[in-house]
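I'd like to go over a predicted model; first the sequence, then the structure.
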Amino acid sequence: MDNFTHSLAGMLVAEVVCTMRQETRQHVRAALYLASALGNNLPDSDILYSWMDGPKPLGSLLHHRGHTHTLAIALPMAWLLGFVIWRWFRRRHADAGVAEKRLIFGLSIAGPAFHLLLDFGNNYGVHPFWPATGRWFYGDSIFIVEPLWLAVLVPILARAIARRWLRIVLWVVLVAVLAAYWYLPFFSWTARLCLLSVAGLSLLVSRQANAPVRAAYGVVGAVCIALVFAVASWRAKSNLREAAQAAFPALAVHDISTAPLPGNPRCWEGLLAGEQSGVYRVLRATIALGGGPAACIAGNDTAPTAPVSRLDRADRGGVRWRTEYSAEISALSKLRREDCRFAALLHFARLPYVSKDGRHAGDLRYDRQPGLDFSDMELPAKPSEGSCPKLVPGWGEPRGELFPP
């Protein structure tokens with residue numbers, strides 16, 4: 001998720017704790033908000049070093065959501081964060097006691113767990129249990145910036161915090177998101193009105209309800225939004241799998257990646273990876289829940305670098321087939337053995353591709369433009385040319401079953 005959402009999650013947890021304790025001392029509330037917000041953003045400290053390894057963009061792909069996004073590293077870091085905040089707080093306030101110490105440490109340590117849970121929600125993935133396992137886990141249910149969460153949480157938290165400048169920041173971000181959502185062409189009128197209604201309800205609750213009701217509304221609202229998208233993701237994957245079985249009966253399905261339009265759990269883009277007679281195939285589709293495929297425009301604007309061909313198959317269950325990428329598994333396996341850069345990319349790429357001329361590779365999840373997107377990389381004309389990444393972490397290879405070493 002984006003760091004603004006991570007910060008809101010930390011602030012909400014702090015507000016719930018303060019409400020349950022009936023904490024009214026502003027300096028204590030500020031310290032708890034600070035510990036929780038920083039703890040919820042702490043795993044993203046990997047941006048300080050993820051650029052160091054190369055060639056680009058392998059450093060970012062392999063080390064963002066890297067070791068600081070594992071429980072083994074993030075929890076000790078969070079304890080250290082709690083220690084620093086506690087020492088600062090104790091020096092400034094004579095009333096600092098054991099209860100405040102426990103809360104500061106507790107919220108600091110809880111932050112990375114909430115961060116990993118939110119990051120799990122989208123299709124980028126996390127591998128929190130390293131070194132026990134480097135396997136990636138994907139929620140495939142939430143867009144990286146979910147406006148419905150902002151519509152629920154910003155009015156509630158803006159009412160609870162004392163700092164005027166922070167309230168202004170929250171409102172400015174929410175208004176900017178609402179404006180973008182209203183004017184960007186790929187959002188439906190139904191989704192726009194739903195988002196506006198949620199924001200209006202949250203504003204009403206923030207003005208009329210007391211602190212316990214506001215906190216409960218924030219938690220229940222955020223959880224309900226997550227559950228709605230999770231159930232919708234399950235339905236989208238089920239519909240896509242059934243459509244693939246009907247349209248491509250000989251295809252052995254290995255994985256399905258889904259992503260919704262922001263604020264719209266009815267409209268999804270799906271990517272299905274499979275194998276057929278020694279050929280690796282990735283099928284892209286639009287999935288509309290509760291309506292015809294024409295009602296959903298997810299993925300319509302995709303013009304990838306990967307060599308894809310149009311799919312001509314009948315719509316089924318709200319699924320409209322878009323494009324297909326295919327390549328010989330033997331050829332990609334050979335490239336993996338010969339090119340250290342492509343081999344490193346496979347520690348990240350859930351849906352890898354290679355261009356026809358063999359000069360570009362990337363991940364079809366994020367390959368949306370003819371040029372190089374953030375997950376696309378150049379490959380040298382000869383595998384022996386160029387530099388190899390020096391620090392390849394031991395994350396599991398998402399498609400390791402297809403392209404073994």
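Arrived safely.

make it CA atoms for all contacts and neighbour counts henceforth
Noted.

next one: phi and psi at the most centrally placed residue in the chain?
Here the mean C-alpha position of the chain is nearest to the C-alpha of Asn122 (CA atoms, centre = their mean), at a distance of 3.6 Å. When read as degrees, to the nearest 10, the backbone of Asn122 gives phi -100, psi -180.

and it, what pLDDT?
For Asn122, the pLDDT comes out at 94.

Would you agree it is in contact with Glu146?
No - the criterion here is CA atoms under 8 Å, and Asn122 misses it with Glu146 at 10.2 Å.

so what's Asn264 bridging to?
When bridges are called by DSSP bridges, Asn264 pairs up with Leu261.

Which parts of the stretch 101-250 of the chain are helices?
Secondary structure of the stretch 101-250 of the chain by DSSP state H, counting those that start in this stretch: the helices cover 147-160, 164-183, 189-208, 211-247.

For the ones you listed, please prepare TSV with the additional fields mean neighbour count, distance to Trp86 and mean pLDDT.
Shown next, in TSV, are those (neighbours: other CA atoms under 10 Å; distance: least, CA to CA, whole Å; pLDDT from 0 to 100):
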stretch	mean neighbour count	distance to Trp86	mean pLDDT
helix 147-160	23	23	95
helix 164-183	14	22	90
helix 189-208	17	31	92
helix 211-247	18	25	96
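
Low-confidence bits of this protein, can you list those?
When residues are selected by pLDDT under 70, none of them lie in the chain.

what about the strands in it?
Assigned by DSSP state E, the strands in the chain fall at 252-261, 264-276, 279-288, 309-310, 319-328, 352-354, 360-363, 377-378.

and Ala162, which of these is closest to it?
Shortest separation from Ala162 across the strands of the chain is recorded for strand 264-276, at 32.8 Å, computed as CA to CA.

Who are the packing partners of the closest one?
Where contact means 3 or more CA pairs under 8 Å, 6 or more residues apart in numbering; DSSP states H and E, strand 264-276 is packed against helix 211-247, strand 252-261, strand 279-288.

Okay, now the sheet partners of the last one, with direction.
Strand 279-288 pairs in its sheet with strand 264-276 (antiparallel), strand 319-328 (antiparallel), by DSSP bridges.

And the contacts of that strand?
Contacts to strand 279-288, defined as CA atoms under 8 Å, 6 or more residues apart in numbering, come from residues 236, 239-240, 266-275, 293-299, 318-329, 351.

Tell me what angle that strand forms with helix 211-247.
Angle between the axes of strand 279-288 and helix 211-247 is 130 degrees (criterion: axes from the mean of the first three to the mean of the last three CA atoms, to 10 degrees).

Who are the contact partners of the residue lying closest to Gly358 once chain neighbours are set aside?
For Gly358, the nearest residue in space outside its immediate sequence neighbours is Leu379; the separation is 7.0 Å by CA to CA, 6 or more residues apart in numbering. Taking CA under 8 Å, 6+ apart, we find Leu379 in contact with Arg341, Phe342, Gly358, Arg359, His360, Ala361.

Can you flag the buried ones in the residues you listed?
Arg341, Phe342, His360, Ala361 (16 or more other CA atoms under 10 Å).
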